[in-house]
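Participant: Prediction below, plus the sequence it came from.
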Amino acid sequence: MPEQPLQDRAGLPEGERVLQEAWRARYAPEVKELIVRREVPSPKLTLIVISYKAKDYLIECLQHVRGQTAALSVPFEVLLADSGGIEHLRPRSAPLVDVELRLTDGIPLNAARNAAIAWARGEYVAFIDDDGLIAPTFVEVVCRVFEDPRIAAMRGRIIPKEHPYFCTLAGHYDRGDEMIDDVLSTEGHMAIRRGVYLETGGFPDRFYGAEGIYLAYQIAKTFPGKRVVYAPELLMRHDYFDSWENFIWKTRKYQGIRREVGDMAPDPEFLRYLDAYLSRRKPQRPRTLEQTVALGLLKVVRWGVVRMPAWAVGQP
């Protein structure tokens, strides 16, 4: 990888600088190329989009990232972490990003997130799913919420993009209109103070399915006076599933998440934290009659998918 040409943001704390150097050394083997298309001086926020084998939805995502109401008042940078398979989109994505981090093809999602954090420069960092559409006030809301020094991280509210009935299965997407303490259960729609992310160790590289809960657990241990919140004004349009094929794959993948997390969790205390969170009653926006019926039908289909042999649906 070529020598890092980006200048650190002004006022970077020494402790964060030391951690940054360690993270960059750790993830440098996964970085094939770093392309700086526009250097934003001392960004307040880095918006990170991780993409792998994306289709045209990536361009729409980046257009929404660019179209921010705070574009003239808050210095922010857009970092695209390219995990491969998006070469056909580069001519259109290039004008929409400031920094491209080209990573090892097919690198695990959380390893890609951690590599992106290593080269992000904002005081705050946000992860945005490459098929999600953030509201134009995203940057504005992140900066306003972080004016409270007690808040270490936040997750936002998600509303359907094109498939409202599939989203009825995602009860965690919308917790209502009040800010509450929560975990980072929407990892592709969240923001965190970069120093906090680095100090807590970020997402475990090979976790899948509970990494946001694990990060909230680590924040609670490392920074007991800090809060992780659900911020309803931080809005994204995104579909929990976008096809029946995706529904089947995700359903079968998630059925073993609790066991896989138990095998991977570096801290056995985390499992107690996870179980306590999963069993806790959580606020949720009331459903319409149509949504209630759709949810019931989808649960029946999901029950059947879980019990079908792998050969009948294809290996997830």
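Facilitator: Thanks, I have the structure now. These numbers come from a predicted model, not from an experiment. Numbers count the residues shown, from 1 in each chain.
Participant: from here on, contacts and neighbour counts on C-alpha atoms
Facilitator: OK.
Participant: for the chain, which spans come out with low pLDDT?
Facilitator: Scanning the chain for pLDDT under 70 picks out 1-4, 255-266, 309-316.
Participant: Find the centremost residue of it, please.
Facilitator: G188 (2.4 Å; Cα atoms, centre = their mean).
Participant: Make sure R285 is indeed in a strand.
Facilitator: No - using DSSP: H, G, I helix; E, B strand; the rest coil, the secondary structure at R285 is coil, not a strand.
Participant: That one reaches R175, doesn't it?
Facilitator: Yes - the pair R285 / R175 is scored as a contact, 6.0 Å apart, by Cα atoms under 8 Å.
Participant: So between those two, which is more surrounded?
Facilitator: More neighbours surround R175 than the other of R285 and R175, with 21 against 12 (other Cα atoms under 10 Å).
Participant: Determine the three-state secondary structure at that one.
Facilitator: Per three-state DSSP, R175 ends up coil.
Participant: quick one, what contacts it?
Facilitator: Under the criterion of Cα atoms under 8 Å, 6 or more residues apart in numbering, the neighbours of R175 are R157, Y230, P232, K282, P283, Q284, R285.
Participant: and the residues you listed, which are buried?
Facilitator: R157, Y230, P232 (16 or more other Cα atoms under 10 Å).
Participant: Quick check: nearest residue in space to the last one, chain neighbours excluded?
Facilitator: The shortest distance from P232 to any residue other than its chain neighbours is 5.0 Å, reached at R157 (Cα to Cα, 6 or more residues apart in numbering).
Participant: In the sheet, which residues pair with the one you found? Tell me.
Facilitator: For R157, the beta-bridge partners under DSSP bridges are L235.
Participant: That one and E100, how far apart?
Facilitator: 27 Å (Cα to Cα, to the nearest Å).
Participant: go on, R155?
Facilitator: For R155 relative to E100 (Cα to Cα), the value is 24 Å.
Participant: Of those two, which one has the most company?
Facilitator: R155 (30 against 21).
Participant: my guess is that one meets M190, correct?
Facilitator: Yes - judged on Cα under 8 Å, R155 makes contact with M190 at a distance of 4.2 Å.
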